[in-house]
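K.L.:
What shape does this take:
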Amino acid sequence: MTQETSPLTSNKGKDRRLACLAPARQHHDQLIRDAQEWIVDHLTEKNVLEQARGRSGLLARTFERRFKAATGIAGVKFVQRLRVELAKEILETQSVSIEQIAGDVGYVDPSSFRRLFSRLVGVTPGEYRKRFGPKCP
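P.N.:
Alright, predicted model coming up:
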């Protein structure tokens, strides 16, 4: 799969991830909306939430308070949900290892990624791939 068509870079994939968070994005705090957009665009980078906080110019506690007030969820949960949605897209379309997917979506520890995925999705990444992943001819 080329970089242009990868779920990591496709606009279609970004739109899908944003759609799953639609209620968390409908608010009037422009600073937080800008931070959300930046997070989506830089999702796979290390410390993406801390970088977004820094770009906002707000203190960490103020950023978190405003983020939660505007979106209804904590910033870390927003990032986790986006990363899991991205992982789901990769599992549905590619046959790369779970370890590689964990790294590709921004997790250093594949086991913590697996636990988070299972908690949010209700099945392990491997089970998800079996249900929704690419089928062998």
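
K.L.:
Pull out the buried residues from the helix or strand that contains Ile90.
P.N.:
Ile90 is part of helix 75-93 when elements are defined by DSSP states H and E. For helix 75-93, burial by neighbour count (16 or more other Cβ atoms under 10 Å) applies to 75, 77-91, 93. Backbone N, C-alpha and C define where each C-beta goes, glycine included.

K.L.:
Can you give the contact residues for whatever helix or strand comes next after it?
P.N.:
Next along the chain after helix 75-93, taking DSSP H and E as the criterion, comes helix 98-104. Helix 98-104 is touched from outside by 8, 44, 87, 90-91, 96, 108-110, 113-114, 125-126, with contacts defined as Cβ atoms under 8 Å, 6 or more residues apart in numbering.

K.L.:
How about stretch 113-129?
P.N.:
Contact with stretch 113-129 is made by 80-81, 84, 87-88, 91-92, 98, 101-102, 105, 107, 131, as judged by Cβ under 8 Å, 6+ apart.

K.L.:
what about 10 Å?
P.N.:
77, 80-81, 83-85, 87-88, 90-92, 94-95, 97-99, 101-103, 105-107, 109-110, 130-133 (Cβ atoms under 10 Å, 6 or more residues apart in numbering).

K.L.:
Can you give me the first-to-last residue distance of stretch 54-61?
P.N.:
Stretch 54-61 has an end-to-end distance of 12 Å (criterion: Cα to Cα, to the nearest Å).

K.L.:
I'd like the next helix or strand past the one helix or strand in the chain whose mean pLDDT sits lowest.
P.N.:
Least confident helix or strand, the chain: helix 22-25 with a mean of 54, by mean pLDDT, DSSP states H and E. The helix or strand immediately downstream of helix 22-25 is helix 30-41, counting by DSSP H and E.

K.L.:
buried residues in the helix or strand just after that following helix?
P.N.:
Once the chain leaves helix 30-41, the next helix or strand it forms, by DSSP H and E, is helix 48-56. Using 16+ other Cβ under 10 Å as the test for burial, helix 48-56 gives 48-49, 52-53, 56.
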